[in-house]
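From the sequence below, what's the structure:
(one chain, ligands or ions: 1)
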Amino acid sequence: LADGNALGGFEALYERAGEDASAIPWADQAVNPNLVDWINENPGKVRGRVLVVGCGLGDDAEHLSQLGCEVTAFDISETAIRWCRSRFERSDVRYEVADLLALPADWSVGFDFVLESYTLQVLPEALQDRAIASMAECVAAKGTLLLITRGREPEEPEGAMPWPLTKSQCAQFTAHGLTESRFEEYWDREDPPVRRYRVEYRRASDVAPV
Ligand SMILES: C[S@@+](CC[C@H](N)C(=O)[O-])C[C@H]1O[C@@H](n2cnc3c(N)ncnc32)[C@H](O)[C@@H]1O
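Numbering: from 1, shown residues only. Here you go, the predicted model:
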């Protein structure tokens, strides 16, 4: 970030880790409990073709695959994707290197469930609108996008990365053909607890690929 290279730092971080997950601040090598809780409360919404945004070391993608979904998971870091493939050699997940800001055209309206957990909050605000538009575009007709993020009130300082999102930043998803169907705000079970927003968006109507 200090070098004005907002995205290249992720590859550098994964590369320097040398397959030592303890060097990656967010990699706890376990499925995200905020995702598991939501799935348990919403049986049936995770189905079909699934896209995992900024998949890191792949634990959420593997969990969704084990639930029977056809999962594509991507990250901007080549090293992270190589690492996922070697961690889960027999995986059915399609792991891809891709930049959220320039996704393959054939992913447009291609997924019944899109998971975005903790990637928006590491992107500088100047890139967030494009990132949100890009994720929203991947949601198929009648599909769901789940956002899991740190949250803050607008008057609270944003602090250092990961930058918590405000509710109005989250609401940008509704500018791209999605409807907010559920907004949850809670303190999670981390120590110390983190204020989370977990938001579900739906694409109600049929859409034509753009
Ligand atoms: C904070 S980590 C979260 C990883 C994973 N979702 C998790 O919960 O463990 C954010 C991830 O987003 C990836 N990322 C950042 N910018 C990206 C972009 N423009 N396109 C795709 N992935 C990106 C990073 O490489 C990193 O793996």
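
got any ranges where this protein has weak pLDDT?
1-6, 206-210 (pLDDT under 70).

Tell me the buried residues in the longest strand seen in it?
Determined from DSSP state E, the single longest strand within the chain is strand 139-150. Neighbour counts over strand 139-150 (16 or more other Cβ atoms under 10 Å) mark 139, 140, 143, 144, 145, 146, 147, 148, 149, 150 as buried. Bear in mind the C-beta positions are built from the backbone N, C-alpha and C, glycine included.

In space, what's closest to the second one - neighbours in sequence excluded?
Excluding its sequence neighbours, the residue lying closest to residue 140 (Cβ to Cβ, 6 or more residues apart in numbering) is residue 109, at 5.0 Å.

how about the one you found, secondary structure?
When classified by DSSP: H, G, I helix; E, B strand; the rest coil, residue 109 comes out as coil.

Could you double-check that it sits in contact with residue 145?
No. The criterion here is Cβ atoms under 8 Å, and residue 109 misses it with residue 145 at 11.9 Å.

list residues touching both of the two?
Each of 138, 139, 203 lies in contact with both residue 109 and residue 145 under the rule Cβ atoms under 8 Å, 6 or more residues apart in numbering.

Can you tell me which residue sits nearest the middle of this structure?
residue 116 (2.1 Å; Cα atoms, centre = their mean).

Which of the helices or strands spans it?
strand 111-117 (DSSP states H and E).

tilt between that strand and strand 139-150?
Strand 111-117 and strand 139-150 are oriented at 10 degrees to each other (axes from the mean of the first three to the mean of the last three Cα atoms, to 10 degrees).

For the residue lying farthest from the centre of the chain, what are phi and psi?
Of all residues in the chain, residue 155 has its C-alpha farthest from the mean position, at 25.4 Å, by Cα atoms, centre = their mean. Main-chain torsions, residue 155, degrees, to the nearest 10: phi -80, psi -10.

do residue 95 as well
Dihedral angles for residue 95 - degrees, to the nearest 10 - are phi -90, psi 130.

so how far is residue 14 from it?
13 Å (Cβ to Cβ, to the nearest Å).

Same check on residue 179?
35 Å.

Could you do residue 149 as well?
The value you get for residue 149 to residue 14, if Cβ to Cβ is used, is 21 Å.

who touches the residue nearest to the centre of the chain in this structure?
53, 54, 135, 145, 146, 147, 148, 149.
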